[in-house]
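*Asks:* Could you look at this predicted model? Sequence included:
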Amino acid sequence: MIRVLIVDDDFMVAKVHSGYVNKTPGYEVVGVAHTGEDALRAIDDLRPDLVLLDIYLPDMDGVTVLRSLRGSTSAETDVIVISAANDVETVRAAMRGGVLHYLIKPFPYAALYDQLKHFAALHQRLSALSEAGQSDVDQVFGGRPSGATPLPKGLSSETAALVAETLQSSTEDFSAAECAARTNISRVSARRYLEHFVATGQAGVRLRYGTGRPERRYYWQT
């Protein structure tokens with residue numbers, strides 16, 4: 001299991017992110033911190049594999065936490081920044097601090113899932129190697145898309161996350177009407193979200209033929 005520390009000043013946001021991590025296969029949350037000082041103490045005590053770090057903290061900003069971490073004995077811990085901070089200087093500071101990725105709030109579970117899946121693959125691959133080949137290094141430093149494709153006008157990130165979660169948790173494809181029933185949104189809205197995921201390559205669609213027009217059946221791309 002990959003052990004994760006959640007750092008966020010908002011208790012509810014930290015709870016949501018903890019839920020995201022815990023439902024991702026191969027991951028477990030080992031601690032939650034709401035201040036920079038508590039985060040550094042928890043990192044030193046728990047030695048997590050990964051920290052999901054907010055920038056806006058009540059006692060010090062996340063960049064300061066990152067710099068302190070990189071100068072400590074816990075420097076082996078990897079960090080993904082998760083924050084509403086979107087100014088370029090903060091992003092640059094995080095990049096210089098060696099973060100693996102930077103997710104801007106709000107985002108759907110699919111965006112975080114993509115990064116966790118990528119981290120798990122790298123973690124497993126590098127742990128099994130004594131020497132890294134160029135292809136291994138390219139995977140680490142080659143960069144990754146955030147998965148957080150901007151939503152079309154009228155679509156919300158919260159509902160997109162709900163629809164994405166419904167797709168991901170299903171072992172079978174389903175129609176827009178079935179998605180609407182599972183998510184408690186209208187059929188028209190469900191189809192808009194589903195078609196958005198198809199357009200961005202996160203979902204696929206199959207046609208089921210019968211009488212009349214073929215039915216579009218959706219599934220998550222794994």
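*Replies:* Happy to help now that I have it. Numbers count the residues shown, from 1 in each chain.
*Asks:* hey, let's count contacts and neighbours off CA atoms from now on
*Replies:* Noted.
*Asks:* Contacts only, for the closest residue to residue 219 other than its chain neighbours.
*Replies:* Excluding the flanking residues, the one nearest residue 219 by C-alpha to C-alpha, 6 or more residues apart in numbering is residue 173, at 4.7 Å. Under the criterion of C-alpha atoms under 8 Å, 6 or more residues apart in numbering, the neighbours of residue 173 are 167, 217-219.
*Asks:* now with 10 Å?
*Replies:* Listed by C-alpha atoms under 10 Å, 6 or more residues apart in numbering, the contact set of residue 173 reads 167, 179, 204-206, 216-220.
*Asks:* Filter those down to the ones in helices?
*Replies:* Of the contacts of residue 173, the ones assigned to helices by DSSP state H are 167, 179.
*Asks:* For the contacts of residue 173, which ChimeraX command selects only the ones that are buried?
*Replies:* Buried subset of those, written as a ChimeraX selection, criterion 16 or more other C-alpha atoms under 10 Å:
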select :167,179,204,205,216,217,218,219,220
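*Asks:* The closest residue in space to residue 26 that isn't next to it in sequence - how many residues pack around it?
*Replies:* Spatial nearest neighbour of residue 26, excluding adjacent residues (C-alpha to C-alpha, 6+ apart): residue 1 at 4.9 Å. By the criterion of other C-alpha atoms under 10 Å, residue 1 has 10 neighbours.
*Asks:* Quick check, central residue of this structure?
*Replies:* For the chain, residue 112 is the residue whose C-alpha lies nearest the centre (C-alpha atoms, centre = their mean; 0.5 Å).
*Asks:* and the helix or strand containing it, how far from the chain's centre?
*Replies:* Element membership for residue 112 (DSSP states H and E) is helix 109-127. Distance of helix 109-127 from its chain centroid, counting by C-alpha atoms, centre = their mean, to the nearest Å, is 9 Å.
*Asks:* With stretch 165-178 instead?
*Replies:* 20 Å.
*Asks:* again with stretch 6-18
*Replies:* 13 Å.
*Asks:* next one: stretch 122-131
*Replies:* Worked out by C-alpha atoms, centre = their mean, stretch 122-131 lies 22 Å from the chain centre.
*Asks:* just stretch 53-68 next, same as before
*Replies:* Counting by C-alpha atoms, centre = their mean, stretch 53-68 is centred 19 Å from the centre of its parent chain.
*Asks:* How far does it stretch from one end to the other?
*Replies:* Using C-alpha to C-alpha, to the nearest Å, the end-to-end distance of stretch 53-68 comes out at 13 Å.
*Asks:* Just the buried residues of it, please?
*Replies:* Across stretch 53-68, burial judged by 16+ other C-alpha under 10 Å covers 53-57, 61-63, 65-68.
*Asks:* Residue 152 in helix, strand or coil?
*Replies:* Here residue 152 is coil, with the state taken from DSSP: H, G, I helix; E, B strand; the rest coil.
*Asks:* In contact with it, which residues?
*Replies:* With contact taken as C-alpha under 10 Å, 6+ apart, residue 152 is in contact with 192-193, 196.
*Asks:* which residues touch residue 204?
*Replies:* 173, 194-195, 197-198, 216-222.
*Asks:* Please apply the same query to residue 2.
*Replies:* 21, 25-30, 48-50, 116, 119-120, 123-124.
*Asks:* So of those residues, which two are at opposite extremes in space?
*Replies:* Within the contacts of residue 2, 30 and 124 form the most distant pair, 19.3 Å apart (C-alpha to C-alpha).
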